[in-house]
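[1] Below: sequence and its predicted model.
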Amino acid sequence: MQHTPDKTAVFNRSWDAYKVGFEGRFPRIPTFPNSGGLHTYWIGNDKLNQLTKSGRYGAFKFEGESLHTGKWHEAVYRSFVVENETNNYLMHVGEYLRGDAGDALRYHNNSMFTTYDRDNDDDHHSNLNCARYTGVGFWYKHCNRLGLMRYYIWHGIHKKPLVIRRSMMHLLCTS
Ligand SMILES: [Ca+2]
């Protein structure tokens with residue numbers, strides 16, 4: 001028997017899956033020939049809460065590879081804090097320090113986490129669940145700004161959005 005995962009399957013996970021974390025591989029997406037086989041990993045929101053509240057990690061870095069140029073772009077922030085599950089993993093990002101990807105995370109600052117089975121986004125008037133809309137769990141304010149994984153779009157680079165083939169997020173030690 002063969003199972004061909006839906007193109008959104010890798011990050012289209014439940015609240016409980018994002019809570020504990022997961023690993024997977026991207027299926028190949030016909031319109032994006034280089035998309036297959038990429039390793040994917042989510043550390044888990046509970047662990048993110050524990051790590052970010054410890055104060056050991058003073059900075060946060062996002063890196064995204066442009067689908068069109070293959071070039072990596074980055075954005076570095078002074079701080080990144082994820083609250084606990086009771087607060088729906090409310091996320092706070094600090095000052096934008098440097099990078100060439102732009103300050104796209106600012107838009108989602110102070111947002112709670114949303115998955116297809118938990119709608120905590122701020123997009124009330126359209127009554128959308130942003131994770132259902134995009135196929136990716138994330139801290140969303142509104143659904144028209146997509147998440148930061150896979151070929152989703154990191155807004156904020158010059159006038160043109162950066163379409164991402166793959167991305168990484170890091171907590172940086174300051175001590
Ligand atoms: Ca909503």
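    Right, received. Where do you want to start?
[2] Kindly list the longest helix within this structure.
    Using DSSP state H, we find that the single longest helix of the chain is helix 45-53.
[3] Quick one: list the elements packing against that helix.
    Identification of packing neighbours for helix 45-53 by 3 or more C-beta pairs under 8 Å, 6 or more residues apart in numbering; DSSP states H and E yields helix 15-20, strand 80-82. C-betas here are computed from N, CA, C, even on glycine.
[4] Which of the ones you listed sits closest to Trp42?
    Among those, helix 15-20 comes nearest to Trp42, with 6.4 Å by C-beta to C-beta.
[5] Can I get that closest one in CSV? Just the C-alpha atoms.
    Output of helix 15-20 as CSV, limited to C-alpha atoms (Å, rounded to 0.1, in the frame of the first residue of the first chain):
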residue,chain,number,x,y,z
TRP,A,15,-2.7,21.2,19.2
ASP,A,16,-1.3,18.2,21.0
ALA,A,17,1.2,17.5,18.3
TYR,A,18,2.6,21.0,18.5
LYS,A,19,2.6,20.8,22.3
VAL,A,20,5.0,17.9,22.4
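[6] Just the mean pLDDT for that helix, thanks.
    Regarding helix 15-20, the rounded mean pLDDT is 96.
[7] Repeat that for stretch 56-73.
    Regarding stretch 56-73, the rounded mean pLDDT is 85.
[8] for that stretch, the distance to its chain's centre please.
    For stretch 56-73, the distance from its own C-alpha centre to the chain's C-alpha centre is 11 Å (C-alpha atoms, centre = their mean, to the nearest Å).
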